[in-house]
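Asks: Got a sequence here, can you model it:
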Amino acid sequence: VAPDRLRFDFSHMKPMILKDISDEIGMHESTLSRVSNSKLILTELGVMPLKNFFSASISGSENSELHAASAVRETIKNLISKGIEIIFESGIGDGIHVGDQTFIDLGAKPVSRESCFSDAEIILTPSPIDDHEVKQIAGGKTLMGMVNPFDNQELLKNLCDSNINLVSMEFVPRITRAQKMDVLSSQANLAGYVAVIESSSLLSSAMPMMMTAAGTLKPARVFVIGVGVAGLQAIATAKRLGARVEAFDTRDVVEEQVQSLGAKFVKIDLGETGETSQGYAKELTDEQLAKQKELQSKVCERSDIVITTAQLFGRPAPRIIDNSTIKKMKRGSVVLDMAVESGGNVEGSKVDEIVEVDGVKIVGISNLASKVAGHASYALSNNFNNWLLEFYDEESKNIRFDFEDEIISSSVLVFDGEVKNERFK
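Replies: Here you go, the predicted structure:
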């Protein structure tokens with residue numbers, strides 16, 4: 001057998017057998033043993049160990065504001081039970097108060113950030129990676145995670161040029177089978193909860209109605225604009241805190257959902273509206289947007305808290321509250337812009353700042369879900385885990401990239417050196 005075509009799995013062979021093989025191919029036994037122990041591919045010797053494992057690495061984020069981790073104890077345990085070797089960036093659990101030893105006890109191995117990119121078949125990341133980190137990943141491997149592709153198209157180009165596959169979890173389709181992988185929904189759900197908690201902490205009054213010896217304290221009035229996943233959770237949380245809640249959405253079909261949570265749906269006739277096939281609200285015309293601003297302004301005037309959630313997938317957020325509305329609001333009221341990172345729904349909102357205009361606090365907080373990092377990590381890691389195990393083939397120990405599958409065709413943006421999604425070509 002020609003040495004450059006020979007492949008062996010030496011991981012469990014005894015020294016006597018190693019000697020026989022070394023004699024057969026003319027390689028010293030110590031070299032053969034070293035190949036076996038380290039699983040190195042020694043191409044210069046023409047010998048490669050047979051692939052009998054699949055490895056995944058779990059990296060952290062370079063963003064200091066992002067405390068959520070892309071792995072928790074339960075998901076690492078699940079992956080290892082499937083025979084997947086796990087390495088993780090040392091300190092990945094610091095933001096959720098989980099030490100390396102917890103993961104080590106499960107069988108995972110702590111490594112440097114650099115090794116996370118160089119030493120595994122698939123790399124899981126909670127945020128986009130830098131260009132120099134792309135260079136540490138070998139061709140043919142896969143990067144999977146939250147990469148914000150619309151704002152990081154240079155990353156897609158670099159991955160394509162380096163023949164690195166990319167799974168963008170933001171592009172998991174909103175279909176029943178993929179609900180367990182939907183990172184946008186799971187994180188938006190937590191963000192809606194945090195938005196209410198953060199807003200209420202800035203009020204000078206309590207949220208619920210209270211009967212006291214000094215008299216009756218009126219409940220806070222909360223107005224939620226946009227009734228997607230985040231908006232529904234904001235409504236539910238505000239109601240649980242005892243507030244009086246109103247909500248508006250351009251899609252009339254959500255009225256029943258709002259009412260089921262005990263809130264009042266504000267009706268504004270904008271003419272023909274609707275939603276996309278993925279469940280997002282369609283972009284309004286300039287005339288519709290002007291009418292929405294005018295009529296919702298009256299609700300803002302009587303509200304103590306206004307929470308805006310309106311976002312357009314892949315496009316800047318619509319501006320739905322301007323200074324003219326803010327100047328009509330009560331002093332001491334709070335406006336929290338959940339879309340501040342994508343351009344903002346509120347005029348004057350700034351990322352990670354509280355701006356005060358005529359006594360009204362305009363709040364912009366990035367990575368809202370990260371404020372509850374423990375649950376954000378649990379949800380995120382389960383979403384990643386569900387995608388990976390859906391397409392991991394235990395027999396071949398590899399990912400099945402079947403582009404006839406709707407989830408693969410939607411979420412895999414780069415494959416085999418080619419951009420697959422038409423939006424980024």
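Asks: Could you check the helix or strand hosting Asn385 and say which residues are buried?
Replies: Under the criterion DSSP states H and E, the helix or strand holding Asn385 is helix 373-391. If you call a residue buried by 16 or more other Cβ atoms under 10 Å, then helix 373-391 has these buried ones: 373, 375-388, 390-391. Any C-beta I mention is one placed from the backbone N, CA and C, and that applies to glycine too.
Asks: Check stretch 157-168 too.
Replies: Those would be Asn158, Leu159, Cys160, Ser162, Asn163, Ile164, Asn165, Leu166, Val167, Ser168, for stretch 157-168 by 16+ other Cβ under 10 Å.
Asks: so the first one makes contact with Asp131?
Replies: What that stands for is Asn158. Yes - Asn158 is within contact range of Asp131, at 5.8 Å (criterion: Cβ atoms under 8 Å).
Asks: tell me the SS of the residue lying closest to Ser204 once chain neighbours are set aside?
Replies: Distance criterion Cβ to Cβ, 6 or more residues apart in numbering; nearest residue to Ser204, sequence neighbours excluded, is Gly332 at 5.4 Å. Look at Gly332: counting by DSSP: H, G, I helix; E, B strand; the rest coil, its state is coil.
Asks: per-residue pLDDT, Gly332?
Replies: Gly332 carries a pLDDT value of 97.
Asks: Verify the stated contact: it with Gly359.
Replies: Yes - using Cβ under 8 Å, Gly332 is in contact with Gly359, at 6.1 Å.
Asks: May I have stretch 235-255 exported as PDB, CA atoms only?
Replies: What follows is stretch 235-255, C-alpha atoms only, in PDB (Å, rounded to 0.1, in the frame of the first residue of the first chain):
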ATOM      1  CA  ILE A 235     -47.000  43.200  28.300                       C
ATOM      2  CA  ALA A 236     -47.100  40.100  30.400                       C
ATOM      3  CA  THR A 237     -44.400  41.300  32.800                       C
ATOM      4  CA  ALA A 238     -45.900  44.800  33.200                       C
ATOM      5  CA  LYS A 239     -49.300  43.200  34.000                       C
ATOM      6  CA  ARG A 240     -47.700  40.800  36.600                       C
ATOM      7  CA  LEU A 241     -46.200  43.900  38.200                       C
ATOM      8  CA  GLY A 242     -49.700  45.400  38.500                       C
ATOM      9  CA  ALA A 243     -49.500  48.100  35.800                       C
ATOM     10  CA  ARG A 244     -52.300  49.200  33.500                       C
ATOM     11  CA  VAL A 245     -51.100  48.200  30.100                       C
ATOM     12  CA  GLU A 246     -52.000  49.300  26.500                       C
ATOM     13  CA  ALA A 247     -50.300  48.000  23.300                       C
ATOM     14  CA  PHE A 248     -50.300  48.700  19.600                       C
ATOM     15  CA  ASP A 249     -49.100  46.800  16.600                       C
ATOM     16  CA  THR A 250     -49.500  47.400  12.900                       C
ATOM     17  CA  ARG A 251     -50.800  43.800  12.600                       C
ATOM     18  CA  ASP A 252     -54.400  43.600  13.800                       C
ATOM     19  CA  VAL A 253     -54.100  39.900  14.100                       C
ATOM     20  CA  VAL A 254     -52.300  40.200  17.400                       C
ATOM     21  CA  GLU A 255     -55.200  42.000  19.100                       C
END
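Asks: Please compute how far that stretch lies from its chain's middle.
Replies: Relative to its chain's centre, stretch 235-255 lies at 25 Å (Cα atoms, centre = their mean, to the nearest Å).
Asks: Can you point out the buried residues in it?
Replies: 235-239, 241, 243-251, 254-255.
Asks: Spatially, what comes nearest to Ala206 if we skip its sequence neighbours?
Replies: That would be Leu217: by Cβ to Cβ, 6+ apart, it lies 6.3 Å from Ala206.
Asks: No more questions from me, cheers.
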